[in-house]
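[1] Structural data only, the sequence is not supplied:
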């Protein structure tokens, strides 16, 4: 089976898209080859790093990248998946035939409360991202034999 190339896009490429990339590559690497990028790349969100570590995945060494640099490089993907509203609107159209999906997850940056309350919110986002990536991987693998 050929792996499906996936690009997860968000504004800052600091949390949701990084989570999706990690789940795709580490839990579904047989079916998916994932990257992530942002419209305005920034440093990783510490909440995302913390809740991913709780799930057994260290994303602390992942770095944000620019969606426009990937576009200019002519990279092609089977799936282009935006994980926030702004990215859906501003995402460039990549060359080749790609299926575009939109997964509107909440933004960990917008979580309120004390650290534990924000971590709890980030865990919910992480778990929703994990489920969506698992569904994508199942689709990429095709019908069970």
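    Now that the structure is in, tell me what you want to look at. Since the structure is predicted, the reported quantities are computational estimates derived from the model, not experimental observations.
[2] how long is stretch 64-79 from one end to the other?
    With CA to CA, to the nearest Å as the measure, stretch 64-79 spans 19 Å from end to end.
[3] Tell me which helix or strand the spatially most central residue of the chain sits in.
    The centroid of the chain falls nearest to residue 17 when counting by CA atoms, centre = their mean (2.5 Å). Using DSSP states H and E, residue 17 falls within helix 16-27.
[4] Heading C-terminal from that helix, find the next helix or strand.
    Next helix or strand after helix 16-27 toward the C-terminus (DSSP H and E): strand 32-38.
[5] what angle do that next one and helix 16-27 make?
    Counting by axes from the mean of the first three to the mean of the last three CA atoms, to 10 degrees, strand 32-38 points 160 degrees away from the direction of helix 16-27.
[6] Show me what secondary structure element comes after strand 32-38.
    Proceeding N to C from strand 32-38, the next assigned helix or strand is helix 46-54, under DSSP H and E.
[7] So, low pLDDT: which residues of this structure?
    For the chain, the stretches flagged by pLDDT under 70 are 1, 87-95, 144-145.
[8] ok, longest helix in it?
    Longest helix in the chain, counting residues (DSSP state H): helix 115-141.
[9] Any buried residues in it, and which?
    Across helix 115-141, burial judged by 16 or more other CB atoms under 10 Å covers 118-119, 121-123, 125-126, 128-130, 132-133, 136-137, 140. Placement of C-beta: from N, CA and C, glycine included.
[10] Ok, stretch 2-13 next?
    3, 4, 5, 6, 7, 8, 9, 10, 11, 12, 13.
[11] In a strand, the fourth one, correct?
    Yes - under DSSP: H, G, I helix; E, B strand; the rest coil, residue 6 sits within a strand.
[12] Quick one: neighbours of the nearest residue to residue 123 once chain neighbours are set aside, just the number.
    Leaving aside its sequence neighbours, residue 123 sits nearest to residue 51 (CB to CB, 6 or more residues apart in numbering; 5.1 Å). Residue 51 has 25 neighbours, counted by other CB atoms under 10 Å.
[13] Can you tell me which of the buried residues of stretch 2-13 is nearest residue 30?
    Distance to residue 30 across the buried residues of stretch 2-13 (CB to CB) is lowest for residue 3, with 7.5 Å.
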